[in-house]
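Student: Need the 3D shape of this:
(chains A and B)
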Amino acid sequence: MNNLTFMPVLWPLFTAIFLIFFSKKIKLQRGISLFSSLIGIAISLYLVFSVHTHGILTLGVGSWDAPFGIVIVADMLSSLLALTTNIIGFAILLYSFYSIGEERERHYYYPVFQFLLIGVNGAFLTGDLFNLFVFFEVMLMASYVLLVLGGTKIQLRESLKYIIVNVLSSSFFVIMVAYLYSVLGTLNMADISQRIAEVNQPGIISVIAIGFLIVFGLKGAIFPLFQWLPGSYYAPPIPVMALFGALLTKVGIYSIFRTYTLMFYHDQDFTHTFLAILAILTIIIGVIGAIAYWDVKKIIIYNIIIAVGVIIFGISIMNEQALSGSILYIIHDMLIKAALFLLVGIMIKISGSDDLRDMGGLIKRYPALAWTFFIAAISLAGIPPFSGFAGKLLILQGAAEKGAYFGMAVVLLSSLMVLYSVMKIFMNGFWGTPKADYALTNNTVNKMLVPAVLLVIISVLFGVGTESIYPFITQAAETLINPDIYIKAVLKE
Amino acid sequence: MELLMAIVIGILFMCATYLMLSKSILRIIIGTGLLSHGAHLLILTMGGLKGDSVPLLSDKVASYVDPLPQALILTAIVISFGVTSFLLVLAYRTYQELGTDDMEEMRGTETNE
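Tutor: As a prediction, the model looks like this:
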């Protein structure tokens, strides 16, 4: 029993309720949000260190013991992701001050922002399948509002599609929960895992596993289910887009992590092979999209899909190296995607267009922006010693151990293509002759650059200092590879 | 009873699929409503239907109904009501702004404008 476990969810909830009362006072709202977000980082940092020293922390809500009551579980993976979420929330909040516009700020942008954090952190920390659904809904409801806030034509059009897709997948989620409940009679993840182990995953459980893959795949944008993503993520303003790109898809991936390592791991020949095939197809489709477009937003959006494929490929390998690689890579990707979206946002703001053919020569007037983008770009591609490298290396090592050479080749080639796609932005956007008279002063740009630089610095430190972070990552991977640790901690046997 | 419920759920899903494949936003929204009702009925049925038994565990009662699915449905119904009402308001705003309720006309163009 440890109330700290639930604090990353409760703290933004208090903040959000508090913020609703001051919706018209923009300065005050900014101050409170910023303060709350710093406290949020501190809380989740403390949570990470507590989990590191004390092992998995659990909280039985209402003092009901694990298989019967609702249980909140903070293991290393979920607390690390909660920490990353809070850091990204802080950076994007800082960026929103200069770019979201007063009209949106007055219409409850900041409270809804906090509600999104509640949903994301809650989904990471819950140990109960139905509560995962509830937190998904909290997160989605907040994302609907953020997506439609402002009410431009493209936003309205794309939100409608986004919501319909998500309503469908939520119904699917409920249906799969119902099936699992009728087969096993429990909703607690640890208890589910134990009972599946007892019956050794018969065919019906594998079917349910694929059903869950459809649900989480829709949220995490894996191969056949990603079509909603490029359109929907294109519509909202940059900070919201960064928030979605960094957090929302990663919640889907986290759920795949949980279900496929904790619950459905007995019939790996079927489920994990299926996962590997989908992952490889996801990478290929993402690469095609990323190199096809001249639109900077589209290029980065398709890079999300590539990263999803790489992480899922790591999960499908299911040995300790590949899983720790996936964990490293998911954290790296959250940080660097948020940074890239923010940087691209500044580029669009300067040049007034999101087409690369209308940009050029930005490096002459804005060198800081250019070099930050360069570092972010090579981190994304996984060039050592930056942060993408260690994760990808571990995934590849794990794959080599398992003999998945085709997947390895695809991941390696995809890195080259990712490098090509971001270098295309760098060369066409920053080099060459300026296409227009860029009016934005360096002062304004620098203000917006601060959060992006912050994220890039964290990600560079994350890459250079992988050695010192590695104990945390192995602790997270150990729980995934040995579900017994998780089960024992939750059910207290 | 379970068989009857299964058939009802199947019919609900069938109608939902049919409605969601149409062009008009309003029909799609009604479709999503039917879909979530089908899902809720499915949870209820999966818990096992025990006629007029009560959802209480006590020594005096021989057969009892599992209360958990009912708690789950309650939550899911509230969420689906919320989402549906949001969707209705959004559809109305979209109709005002774009002047159409036809999904065919809401495709993105090449430049996504």
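Student: per-residue confidence at the residue of the stretch 51-200 of chain A found nearest chain B?
Tutor: Proximity of the stretch 51-200 of chain A to chain B (C-beta to the nearest C-beta) peaks at residue A:182, 3.6 Å away. Quick note: C-beta positions are derived from backbone N, CA and C, even for glycine. Listed pLDDT for residue A:182 reads 89.
Student: pLDDT weak spots in the stretch 51-200 of chain A?
Tutor: Counting by pLDDT under 70, the stretch 51-200 of chain A shows no low-confidence range.
Student: Which residues of chain A lie near chain B?
Tutor: Contacts of chain A with chain B, taken as C-beta under 8 Å from any C-beta of the partner chain, map to A:130, A:133-134, A:137, A:141, A:144, A:148, A:151, A:153-154, A:156-161, A:163-164, A:167-168, A:170-172, A:174-175, A:177-179, A:181-182, A:187, A:231, A:234, A:295.
Student: any idea how far the residue of the stretch 51-200 of chain A closest to chain B is from residue B:2?
Tutor: Per C-beta to C-beta, to the nearest Å, residue A:182 is found 11 Å from residue B:2.
Student: so what sits against both of those two?
Tutor: Counting by C-beta atoms under 8 Å, 6 or more residues apart in numbering or on different chains, the shared contacts of residue A:182 and residue B:2 are residue B:48.
Student: Of these two, give the one with the bigger neighbour count.
Tutor: Shown here are residue A:182 and residue B:2; by other C-beta atoms under 10 Å in any protein chain shown, residue A:182 has more neighbours (17 against 10).
Student: what does chain B have sitting close to chain A?
Tutor: So chain B meets chain A at B:20, B:25, B:28, B:32, B:35-36, B:38-40, B:42-43, B:46-48, B:68-69, B:72, B:75-76, B:79-80, B:82-83, B:86-87, B:90-91, B:93-94, B:97-98, B:106, B:108, B:112-113 (C-beta under 8 Å from any C-beta).
Student: how about the strands of the stretch 301-450 of chain A, start to end?
Tutor: Counting by DSSP state E, counting those that start in this stretch, the stretch 301-450 of chain A forms no strands at all.
Student: Pick out the residue of chain B closest to chain A.
Tutor: Here the residue of chain B nearest chain A is residue B:46; by C-beta to the nearest C-beta that distance is 3.6 Å.
Student: shouldn't that residue be in contact with residue A:179?
Tutor: Yes. Between residue B:46 and residue A:179 there is a contact at 6.7 Å, judged by C-beta atoms under 8 Å.
Student: Which residue of the two possesses the greater neighbour count?
Tutor: When neighbours are counted by other C-beta under 10 Å, residue B:46 and residue A:179 differ, and residue B:46 comes out ahead with 22 against 19.
Student: quick one, what contacts that one?
Tutor: Going by C-beta under 8 Å, 6+ apart, the list of residues near residue B:46 reads A:178-179, A:181-182, B:69.
Student: list the contacts for the residue lying closest to it once chain neighbours are set aside?
Tutor: Counting by C-beta to C-beta, 6 or more residues apart in numbering or on different chains, residue B:46 lies nearest to residue A:182, which is 3.6 Å off, once chain neighbours are set aside. Residues near residue A:182 by C-beta under 8 Å, 6+ apart: B:46-48.
Student: tell me how far the ends of stretch B:36-55 are from each other?
Tutor: Stretch B:36-55 has its terminal residues 23 Å apart, counting by C-alpha to C-alpha, to the nearest Å.
Student: Can you give me the buried ones in it?
Tutor: Going by neighbour count (16 or more other C-beta atoms under 10 Å in any protein chain shown), the buried part of stretch B:36-55 is B:36-47.
Student: same thing with stretch A:416-428?
Tutor: For stretch A:416-428, burial by neighbour count (16+ other C-beta under 10 Å) applies to A:417-419, A:421-422, A:424-426, A:428.
Student: Residue A:22: which of these is nearest?
Tutor: Using C-beta to C-beta, residue A:425 comes nearest to residue A:22 of the buried residues of stretch A:416-428, at 38.9 Å.
Student: what separates the closest one from chain B, distance-wise?
Tutor: 18 Å (C-beta to the nearest C-beta, to the nearest Å).
Student: hang on, that residue packs against residue A:344?
Tutor: Yes. Counting by C-beta under 8 Å, residue A:344 is a contact partner of residue A:425 at 7.5 Å.
Student: shared neighbours, those two?
Tutor: residue A:296.
Student: Check the spacing between residue A:302 and chain B real quick.
Tutor: In terms of C-beta to the nearest C-beta, residue A:302 sits 14 Å off from chain B.
Student: got the contact list for that residue?
Tutor: Applying C-beta under 8 Å, 6+ apart, the residues contacting residue A:302 are A:230, A:286-287, A:289-290, A:292-293, A:421.
Student: confidence score at the residue lying closest to it once chain neighbours are set aside?
Tutor: Of all residues not flanking residue A:302 in the chain, residue A:289 sits nearest, at 3.4 Å (C-beta to C-beta, 6+ apart). For residue A:289, the model assigns a pLDDT of 92.
Student: Now do residue A:289 against chain B, distance only.
Tutor: For residue A:289, the distance to chain B - C-beta to the nearest C-beta - is 13 Å.
Student: neighbours around that residue, how many?
Tutor: A count of nearby residues for residue A:289, using other C-beta under 10 Å, gives 21.
Student: My read is that it contacts residue A:227, right?
Tutor: No. Between residue A:289 and residue A:227 there is no contact under C-beta under 8 Å: 10.9 Å.
Student: can you pull the contacts of the residue nearest the centre of chain B?
Tutor: Centroid-nearest residue in chain B, with C-alpha atoms, centre = their mean: residue B:36, separated by 1.2 Å. Residue B:36 makes contacts with A:167, A:170-171, A:174, B:76-77, B:80, B:84, as judged by C-beta under 8 Å, 6+ apart.
Student: Doesn't it lie inside a strand?
Tutor: No. Read with DSSP: H, G, I helix; E, B strand; the rest coil, residue B:36 is helix and lies in no strand.
Student: and the helix ranked longest in chain B, which residues are buried?
Tutor: What stands out as the longest helix in chain B, according to DSSP state H, is helix B:67-98. Within helix B:67-98, the residues scored as buried using 16+ other C-beta under 10 Å are B:68-69, B:72-73, B:76, B:79-80, B:83-84, B:86-87, B:90-91, B:94, B:98.
Student: can you tell me which two in those are farthest apart?
Tutor: Using C-beta to C-beta, the two most remote members of the buried residues of helix B:67-98 are B:68 and B:98, lying 43.4 Å apart.
Student: so which helix or strand takes in the residue nearest to residue B:46?
Tutor: helix A:153-184 (DSSP states H and E).
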